[in-house]
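Engineer: Provided below for reference: sequence and predicted model.
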Amino acid sequence: MGNLAANEGLSVFVILVWLAINAFLFVHFYMAFLVDKWFYTRVLLGQALSWARAPAACLNFNCMLILLPVCRNLLSFMRGTIQFCSRTAARQLDRNITFHKLVAYMIAFHTAVHIVAHLFNFEYFMDAQLNRNSSLLPFILSEIGNGDNASFLNPIRIKRLIHYNKHPCE
């Protein structure tokens, strides 16, 4: 067990720190979009807004991180600067492709969650625009900005819905 901790300890530590940063980003942005701002958007979308923005923050972090493990100049520089350090740090640099793949899997996971959340967002926008909710407030919020050159909260506009629902022969 002592050899395993000595040999794999740094690798496990790096992965745990990376997972902790992802978890922190997800929870922080989920809570920020759930309680802080965007009250009227949350009335329309509910928790789907938080479910879309939290993985987006993790996507930003992981997309920034994915290229670092495969930058040859950076790896060469780090290998030269840690020449006086232990072999475990050099072994961690040799596992750069494995970490690159882990980051890619995390990107794929957060992309799937982000897409599904936006599909729910679209459905909630449609429900609010067509007044299919049990409450009248989302429909009223969807009607804001129906005039020309007016700012709007719901990107799905009733004029476009009427245009798309017409039969081609009419």
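Structural biologist: Okay, I see it.

Engineer: okay, CA-based contacts and neighbour counts for the rest of this
Structural biologist: OK.

Engineer: okay, and for the chain, where does confidence drop off?
Structural biologist: Scanning the chain for pLDDT under 70 picks out the ranges 1-2, 4-8, 36, 38-40, 74-94, 130-170.

Engineer: now do the contacts for L49.
Structural biologist: F33, L34, T41, R42, A117, N121 (C-alpha atoms under 8 Å, 6 or more residues apart in numbering).

Engineer: and the residues you listed, which of them are buried?
Structural biologist: F33, L34, T41, R42, A117, N121 (16 or more other C-alpha atoms under 10 Å).

Engineer: how far away is L67 from S11?
Structural biologist: 18 Å (C-alpha to C-alpha, to the nearest Å).

Engineer: which of the two has more neighbours?
Structural biologist: The residue with more neighbours, out of L67 and S11, is S11; 17 against 11, by other C-alpha atoms under 10 Å.

Engineer: work out for me the element that one sits within.
Structural biologist: Per DSSP states H and E: S11 is located in helix 2-31.

Engineer: and the next element down the chain from that helix?
Structural biologist: Counting by DSSP H and E, what follows helix 2-31 is helix 39-45.

Engineer: dump that next one to PDB, restricted to CA.
Structural biologist: Provided in PDB are the C-alpha atoms of helix 39-45 (Å, rounded to 0.1, in the frame of the first residue of the first chain):
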ATOM      1  CA  PHE A  39     -35.800  36.400 -11.600                       C
ATOM      2  CA  TYR A  40     -38.100  36.700 -14.600                       C
ATOM      3  CA  THR A  41     -36.100  34.300 -16.700                       C
ATOM      4  CA  ARG A  42     -36.400  31.800 -13.800                       C
ATOM      5  CA  VAL A  43     -40.100  32.300 -13.800                       C
ATOM      6  CA  LEU A  44     -40.200  31.200 -17.400                       C
ATOM      7  CA  LEU A  45     -37.600  28.400 -17.200                       C
END
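
Engineer: hey, which helix is longest across this structure?
Structural biologist: Ranked by number of residues, the top helix in the chain under DSSP state H is helix 96-129.
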